[in-house]
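**Q** coordinates for the following, if possible.
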Amino acid sequence: MRTKKGFELRELCGEQVIVGQGVENIDFSKIISMNSSAALLWKNVVGKEFTADDLAKVLIDNYEVEESVAKADAEEIAEEWIKVGIVER
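**A** Numbers count the residues shown, from 1 in each chain. Sure, this is the predicted structure:
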């Protein structure tokens, strides 16, 4: 997987959100808000090739979480990012 070009993590009004840069990425019908864990994952993979296992490793390295839980959470967020169009396979 890879994050799509033109999307940046920004802080707006105290919330972490993904903002589309450029005409091709603007869709005002969606605001992609991220909690602190999702924002940490995004910062670690933006502009790089990554897998759900890479996301799980970031979770394990930064939180007290079991590997099985981290993997399940990582797979879920990766699929969500693909679904909303900020990551491609």
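**Q** for this structure, longest helix please?
**A** helix 67-84 (DSSP state H).
**Q** so what touches stretch 55-72?
**A** For stretch 55-72, contacts defined as C-beta atoms under 8 Å, 6 or more residues apart in numbering pick out 37, 40-41, 44-45, 52-53, 73-74, 77-78. Where C-beta positions appear, they are placed from N, C-alpha and C, glycine not excepted.
**Q** can you map out the helices along this protein?
**A** Counting by DSSP H, the helices of the chain are 36-45, 52-62, 67-84.
**Q** on that earlier part again, run the angle between the longest helix of the chain and helix 52-62 for me.
**A** 130 degrees (axes from the mean of the first three to the mean of the last three C-alpha atoms, to 10 degrees).
**Q** now helix 67-84: mean pLDDT?
**A** Averaged over helix 67-84, pLDDT sits at 97.
**Q** who are the neighbours in contact with residue 44?
**A** Residue 44 touches 54-55, 58, counting by C-beta under 8 Å, 6+ apart.
**Q** how far away is it from residue 56?
**A** Distance of residue 44 to residue 56, computed by C-beta to C-beta, to the nearest Å: 11 Å.
**Q** quick one on the thing from earlier: of all the helices of the chain, which one comes closest to residue 4?
**A** Among these, the nearest to residue 4 by C-beta to C-beta is helix 67-84 (9.2 Å).
**Q** now do that closest one: distance to the chain's middle.
**A** In terms of C-alpha atoms, centre = their mean, to the nearest Å, the centre of helix 67-84 is set 9 Å apart from its chain centre.
**Q** same thing with stretch 33-48?
**A** With C-alpha atoms, centre = their mean, you get 4 Å for stretch 33-48.
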